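> Pasting the sequence and the predicted model now:
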Amino acid sequence: MRSRSRLAGIAAALLALSGVAAPACAEDAPGATVTGDTITFGQYADQSGANAAIGAARYGLDAYLQAANAQGGAHGKKLRLISYDDGYKPAQTAALVKKLVFEDGVFAIVGGVGSPTTAAVAPTLNDLGVPLIGMATGSPIFYDPTRKYVFPAWPLYTTDGKTMATFLKTHFAGKKVGIIYQDDSFGKPILAAVESVLGHVEEVPYSPGQVDFSSAVVKFKAAGVDALVLATIAAPAAQILNELPKFNYAPVRVLTGSACGYTTIFKTVPSLEGAYCAAFLPTPESKDPQWTAFEDAMARYEQGHPAEIYSAWGWLAGQVAVEGLRRIRGPITREAFVAALESIKSFHTIGGDLSYSAQSHRGIGGQFIWQAKNGRWLTVPNSKVEP
Amino acid sequence: MSILPQIVLSGLAQGSLYALAALGIVLIFNAGGIVNFAQGAMAVVTAYATWGLLNGAHVPYPLAVALALGAAFALGVATEMLVLRRVADAPPLTQIVVTLGLLMLLTGLVGIVFGHDPRSLPELVTLPSISLGSLILVPSEGFDLAVLIVLVAALMLLLRRTKLGLGMRALSQDRFAARLAGISLTRVLSLTWGIGVALAGAAGILAVPSTTLTPATMDTLVIYGFVAAVFGGFGTLSGAIVGGLLLGVVDNLIKTYLAPELSLSVVFALLLLALYVRPNGLFGRAVVRKV
């Protein structure tokens, strides 16, 4: 009898984790109500896998929480971060998030990194009533339909694609456009958005981990493509850009923000000069006060880790989560947290103004274009595109 | 104008990297009967050593490459002496797990020491590309092929004209008889590991300029190296070379004319088909055991 009830318990837990069971009551799950003097957030971010560069979001988030603690935390409670390395492997993300929720008892998951990794946990967290805030992805699958406990902060990837396509249509009218895109929930929405603005373009998909892009470059050149959109993450973008001059090929190049955020890009891609990048964050060289505050905090709390775009992703997630906490009136519960987040309107973040409502968790709206000039990124004036 | 010649040429250049990776794998397997799954991580260590010498110690590029390849050789020798020799008589599964452990350990250490931001190495050949009608000859691609030819020639000389080479060949044929003939198994094995890892290191140094350097840079390339080795007939050096070159061309053709996002899957499907027809690969022979 006892073993049967234990089996039933295990089965219920497995069902809940796999998202099959009916939504659990948010107030009953571990960590649902903050009672001590610490509010703990959990995060998953690749620190050792193929996309470990973007895992720097961990340091930006930690810097923001430390800076917030220096100003008294939230409701007099200290903020704490538990961040696990998921190696950008969705199965690992699912296991680590389970540990964060059931063993570590975190209040919310904040600033998790990646589309496939987030896809592995978002439905389950929503069913469990555990808020998922400011994850580093703009994949449409997290925005539509609006999930009560899921609060994306980024502009949609479709806005990424729309911004790049609108820029090309405006500034390079008549050019034949081609796109190389990652064949997954990251690259496909960008392709769809580009084609919604420009109509059919030359397209070449690639799978993550591909090592040789010479055939794609040869194809684009032979097809007469003279403006190339790279819907890729950092390493493939560097590979493709480095291939272009070898084939005496110099198209207009437009990258996504996910490909141009690391500090060493100008050394890694010698031919970057003149390339464009779709972005929603200020350029690292800008005098934007939000960026300056981020830079100061990184220097103070995260020595050895530069203030760069990828760490800024974590900073943005921290801004959203802490703003939500500070808006809570009364007991700090997950339900109160969600209500507080949905009350945020035109909140100034490092990535632009952010608003939520009960009907829409869209986050930041617009994007603009940077250009690589003299070894640094500069914002192209009047390039902002709203979704 | 058809892009086919360009696709084949680029495929051969990429295939030369797969062939180099496969050669190192086969050389070590032939001598010790061990499949070294840490080969890619060791190539990454070599590339990072080059990067460190170039950017940290400001050593001239050719010298940095030579020193890094020397370090790769030392890493191979040390791995055999300190790790693999201890499990020489253990079951094959244990040895496989040991090399997988080395893969994880080295990848983790490189990440801790150098971080995960992509780095780069300059091209070893910086001549401008040459246009021959619609065909473009890329000097760095020609250089990759030339390096493969030179290293294979050197390897053949080593195997056929030196005492060490004789020992390596003897070990691959019959370890017991080789020992009876007075060949020092440990010495030959250590040196073979050194050469095998240096070959992987060479593939890594050649690959990085056209890609980026991260702890995971060689992951896919070494998978192709394993496929090339099996395709050619695991255990034969000529099979590794032909398998690598063929794989580079076939992979590029798939990416161009079939489905770029499925190239690795299609490559494996073709491998299964080829093994169905020739179970021992292109150049492999069936092993006959006396009972």
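The structure has been received and is ready for your questions.
> Leaving out sequence neighbours, find the closest residue to B:H116.
The shortest distance from B:H116 to any residue other than its chain neighbours is 3.2 Å, reached at A:A52 (CB to CB, 6 or more residues apart in numbering or on different chains). The C-beta positions use only the backbone N, C-alpha and C, and glycine is treated the same way.
> what do you get for B:A274?
B:F231 (6.2 Å).
> Share the number of residues neighbouring the residue nearest to B:H116, please.
24 (other CB atoms under 10 Å in any protein chain shown).
> Would you confirm that it contacts B:G111?
Yes: using CB atoms under 8 Å, A:A52 is in contact with B:G111, at 6.3 Å.
> okay, and the common contacts of these two?
B:P215 (CB atoms under 8 Å, 6 or more residues apart in numbering or on different chains).
> And the pLDDT at the residue nearest to B:H116?
The model reports A:A52 with a pLDDT of 81.
> same thing with A:D46?
91.
> Show me which residues of stretch B:80-100 are buried.
Within stretch B:80-100, the residues that count as buried by 16 or more other CB atoms under 10 Å in any protein chain shown are B:E80, B:V83, B:L84, B:R85, B:Q95, B:V98, B:T99.
> three-state assignment of the nearest residue to the second one once chain neighbours are set aside?
Nearest non-adjacent residue to B:V83, counting by CB to CB, 6+ apart: B:V98, 6.4 Å away. In terms of secondary structure, B:V98 is helix; the call rests on DSSP: H, G, I helix; E, B strand; the rest coil.
> same question, A:V229
strand.
> Tell me who's in contact with it.
Contacts of A:V229 (CB under 8 Å, 6+ apart): A:161, A:164-165, A:168, A:177-181, A:190, A:194, A:201, A:254.
> Which residue is the nearest non-sequential neighbour of it?
A:I179 (4.2 Å).
> Neighbouring strands - and their directions - for the strand or helix carrying the one you found?
Element membership of A:I179 [criterion: DSSP states H and E] is strand A:177-182. The pairing partners recorded for strand A:177-182 under DSSP bridges are strand A:202-206 (parallel), strand A:227-231 (parallel).
> Which element is encountered next along the chain beyond the last one?
Scanning forward in sequence from strand A:227-231, with DSSP H and E defining helices and strands, the next element found is helix A:234-243.
> Can I get that next one in PDB? Just the C-alpha atoms.
Taking C-alpha atoms only, helix A:234-243 is exported to PDB below (Å, rounded to 0.1, in the frame of the first residue of the first chain):
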ATOM      1  CA  ALA A 234      28.100  34.100 -33.200                       C
ATOM      2  CA  ALA A 235      30.400  31.200 -34.400                       C
ATOM      3  CA  PRO A 236      28.700  30.500 -37.700                       C
ATOM      4  CA  ALA A 237      28.500  34.200 -38.500                       C
ATOM      5  CA  ALA A 238      32.300  34.600 -38.000                       C
ATOM      6  CA  GLN A 239      32.800  31.500 -40.200                       C
ATOM      7  CA  ILE A 240      30.700  32.800 -43.000                       C
ATOM      8  CA  LEU A 241      32.100  36.400 -42.800                       C
ATOM      9  CA  ASN A 242      35.600  35.000 -42.900                       C
ATOM     10  CA  GLU A 243      34.800  32.900 -46.000                       C
END
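> That one and chain B in contact?
Yes: applying CB under 8 Å from any CB of the partner chain, one finds helix A:234-243 in contact with chain B at A:A234, A:A235, A:A238, A:Q239, A:N242, A:E243.
> returning to what we had before: please name the residues that touch the residue nearest to B:A274.
Counting by CB under 8 Å, 6+ apart, the residues that B:F231 touches are B:G239, B:G243, B:L246, B:L247, B:L271, B:A274, B:G281, B:L282.
> Now the two most distant members of those.
B:G239 and B:L271 (12.9 Å; CB to CB).
> Which one of those two is surrounded by more residues?
Shown here are B:G239 and B:L271; by other CB under 10 Å, B:G239 has more neighbours (23 against 19).
> show me the contacts for the residue nearest to B:K255 when sequence neighbours are not counted.
Closest residue to B:K255 apart from its sequence neighbours, by CB to CB, 6+ apart: A:S215 at 4.3 Å. A:S215 is in contact with B:I7, B:S10, B:G11, B:N252, B:K255, B:T256, B:P260, counting by CB under 8 Å, 6+ apart.
> Least confident of the strands paired with strand A:177-182, on average?
Note on the strands paired with strand A:177-182: strand A:202-206 shows the lowest mean pLDDT, a mean of 94.
> Compute the inter-axis angle for it and helix A:234-243.
Strand A:202-206 runs at 130 degrees relative to helix A:234-243, counting by axes from the mean of the first three to the mean of the last three CA atoms, to 10 degrees.
> what does strand A:202-206 rub up against?
A:176-183, A:187, A:191, A:213, A:216, A:219-220, A:223, A:225, A:232, A:236, B:259-261.
> Now it - C-alpha only, CSV.
Output of strand A:202-206 as CSV, limited to C-alpha atoms (Å, rounded to 0.1, in the frame of the first residue of the first chain):
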residue,chain,number,x,y,z
GLU,A,202,17.6,33.3,-51.8
GLU,A,203,17.8,31.1,-48.7
VAL,A,204,20.2,28.5,-47.3
PRO,A,205,19.5,26.8,-44.0
TYR,A,206,22.3,25.3,-41.9
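> Following the chain onward from that strand, which element is next?
helix A:214-222.
> average model confidence for that following helix?
Helix A:214-222 shows a mean pLDDT of 94.
> next one: stretch B:100-109
Here the average pLDDT along stretch B:100-109 is 93.
> Flag every residue of the stretch 101-250 of chain B that's near chain A.
B:107-108, B:111, B:116-120, B:122, B:129, B:131, B:134, B:136, B:138, B:140-141, B:207, B:209-212, B:214-216, B:219-221, B:224, B:248.
> What parts of the stretch 1-150 of chain A come near chain B?
Counting by CB under 8 Å from any CB, the stretch 1-150 of chain A sits next to chain B at A:Q47, A:S48, A:G49, A:A50, A:A52, A:A53, A:G55.
> Look up the closest residue to A:T137, ignoring the ones flanking it.
Distances taken as CB to CB, 6+ apart put A:S115 closest to A:T137, at 4.4 Å, once the chain neighbours are dropped.
> What confidence value was assigned to that neighbour?
87.
> Now do residue 122: how many residues are near it, please.
In the absence of a named chain, this looks at chain A. Residues lying near A:A122 (other CB under 10 Å) number 24.
> oops, I was thinking of chain B
11.
> Okay, strands next: where are they in the stretch 1-150 of chain B?
Listed in chain order, the strands of the stretch 1-150 of chain B (DSSP state E, counting those that start in this stretch) span B:130-132, B:135-137.
> ranking those strands by burial, who's on top?
Compared across the strands of the stretch 1-150 of chain B, strand B:135-137 shows the largest average neighbour count, a mean of 15 (mean count of other CB atoms under 10 Å in any protein chain shown).
> For stretch B:68-81, give me every contacting residue.
B:32, B:38, B:42-43, B:45-47, B:49-50, B:53, B:102, B:186, B:189-198, B:200-202, B:205.
> starting at the chain centroid, how far to stretch A:268-286?
Centroid separation between stretch A:268-286 and its chain, computed with CA atoms, centre = their mean, to the nearest Å, is 18 Å.
> Ok, stretch B:163-179 next?
Chain-centre distance of stretch B:163-179: 22 Å, with CA atoms, centre = their mean.
> residues of that stretch that come out buried?
So stretch B:163-179, judged by 16+ other CB under 10 Å, has buried residues B:L164, B:G165, B:L166, B:G167, B:M168, B:A170, B:L171, B:S172, B:R175, B:A178.
> Run through who's touching that stretch.
By CB under 8 Å, 6+ apart, stretch B:163-179 touches B:27, B:30-32, B:157-159, B:181, B:183-185, B:187-189, B:191-192, B:235.
> Weed out the non-buried ones from the residues you listed.
By neighbour count, with 16+ other CB under 10 Å, those hold B:L27, B:N30, B:A31, B:G32, B:L159, B:I183, B:L185, B:V188, B:L189, B:L191, B:T192, B:G235 as buried.
> Closest one of these to chain A?
Proximity of those to chain A was ranked by CB to the nearest CB; the top entry is B:L27 with 22.1 Å.
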